[in-house]
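1. the following block contains a protein sequence and its predicted model.
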Amino acid sequence: MEPHYPLFYTFHFYLFGVIALASAIAFVTRKSPVAAALWLVNTMFSLAALFVMLEAEFIGVIQVLVYAGAIMVVFVFVIMLLNLGHPAELAQARGKWWKIAAGVVGLVLLAEIMVISRGGLPRSLVVAPGHNAREVQELNVVGTIAKPLFTEYLLAFELTSVLLLVAIAGAVVLGRGRAVRAR
Amino acid sequence: MLAESLALTAALFTIGVIGVLTHRNAIIIFMCVELMLTSVNLTFVAFSRFYGAAGQVFVVFVMTVSAAEAAVGLAIIIAIFRHRQTINLKDINLLRG
């Protein structure tokens, strides 16, 4: 099912995978929220590189724009707004037993996901080998995502817009605070 | 590259879960949730090579939901900080019996 990959491709795939994994581990072990956020941005960037290598160029670009660009900037902005960067405000991690329990839960979860991903794929749904490349030829990279988004999944798309509207309204109401209401 | 992608997804998702369990800083916990959502996107993209472009459509949906979640969650964190001057989950224990 999988085509043969040149060594150049495989090397870079593993390289970005290792960068993503190492940054994620560095992210989760940081105590400072700012350092954690920057390591997470690094993880997002290497995941974007992996998306591009997996023939999802548009998703890779969106990953950089939305995750690394917008969401992480909002996180860093909130950290600065609440002035959480200095040591007195740093929330310490939980105690030793919590860490051991989290490690056990993590190992069990990892084993479970590995076992599930070893299971066979449903072959009847697999598309023909050149199908994706032909679609990209026909509709270009954005069109392959846009066409199902606006035909098959139109209802879900519209519901997503309602969700975003609710989120905007909720964020405004929650973030407005008491000072405005008292006026 | 499917097996490698799935293994990386599993590792990143697990790291996110461990982060949620071990940290007490609400913002870092939120970032761990974002990491979990992103790692699932990698699965969608890896499978979309074999099952057609619909997987990438779902990645767009996941990104939208995670953006909405980040906006509302950070607004809640700001509201909590206004009330209690802290976002350490140890001090936010109003529901504890």
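-> Arrived safely.
2. state which helix of the chain is the longest.
-> Looking at chain A here, since you left the chain open. Counting by DSSP state H, the longest helix found in chain A is helix A:154-182.
3. sorry, I should have been clearer: chain B.
-> helix B:54-84.
4. quick one: buried residues of the longest helix of chain A?
-> Within helix A:154-182, the residues scored as buried using 16 or more other CB atoms under 10 Å in any protein chain shown are A:157, A:160, A:163, A:167, A:171, A:174-175. Glycine gets a C-beta too; all of them are placed from N, C-alpha and C.
5. next: stretch B:8-17.
-> B:8-17.
6. return the member of the residues you listed nearest to A:Ala146.
-> Within the set of these, B:Thr9 lies nearest A:Ala146; the separation is 25.5 Å, counting by CB to CB.
7. which strands and helices sit next to the host helix or strand of the closest one?
-> Secondary structure from DSSP states H and E places B:Thr9 in helix B:2-22. Using 3 or more CB pairs under 8 Å, 6 or more residues apart in numbering or on different chains; DSSP states H and E as the contact definition, the elements that helix B:2-22 packs against are helix A:7-29, helix A:33-53, helix A:96-118, helix B:26-51.
8. if we go to 6 Å?
-> Helices and strands in packing contact with helix B:2-22 are listed as helix A:7-29, helix A:96-118, helix B:26-51; criterion 3 or more CB pairs under 6 Å, 6 or more residues apart in numbering or on different chains; DSSP states H and E.
9. in the chain, where is pLDDT below threshold?
-> Using chain A here. Judged by pLDDT under 70, chain A has its weakly predicted residues at A:1, A:85-93, A:177-183.
10. the chain in question should be chain B.
-> Applying pLDDT under 70 to chain B picks out residues B:97.
11. how about 50 then?
-> Residues of chain B meeting the criterion pLDDT under 50: none.
12. and A:Phe122, how many residues sit next to it?
-> For the record, residue A:122 is Pro, not Phe. 8 (other CB atoms under 10 Å in any protein chain shown).
13. where's it relative to A:Trp98, distance?
-> Separation of A:Pro122 from A:Trp98 (CB to CB, to the nearest Å) stands at 39 Å.
14. ok, A:Ile25 next?
-> As for A:Ile25, its distance to A:Trp98 is 18 Å (criterion: CB to CB).
15. so what's the residue lying closest to B:Thr22 once chain neighbours are set aside up against?
-> Nearest in space to B:Thr22, with sequence neighbours left out and distances taken as CB to CB, 6 or more residues apart in numbering or on different chains, is A:Ala102 at 4.8 Å. Contacts of A:Ala102 were listed using CB atoms under 6 Å, 6 or more residues apart in numbering or on different chains, and they are B:18, B:21-22.
16. next: A:Leu164.
-> By CB under 6 Å, 6+ apart, A:Leu164 lies in contact with B:Ala68.
17. in chain B, which residue is most central in space?
-> Centre of chain B computed as the mean C-alpha position; nearest residue by CA atoms, centre = their mean is B:Val33, 1.9 Å away.
18. so how far is B:Leu74 from that residue?
-> Summarising the geometry, the distance separating B:Val33 from B:Leu74, computed by CB to CB, is 12 Å.
19. swap in B:Ser5?
-> Relative to B:Leu74, B:Ser5 is positioned 30 Å away (criterion: CB to CB).
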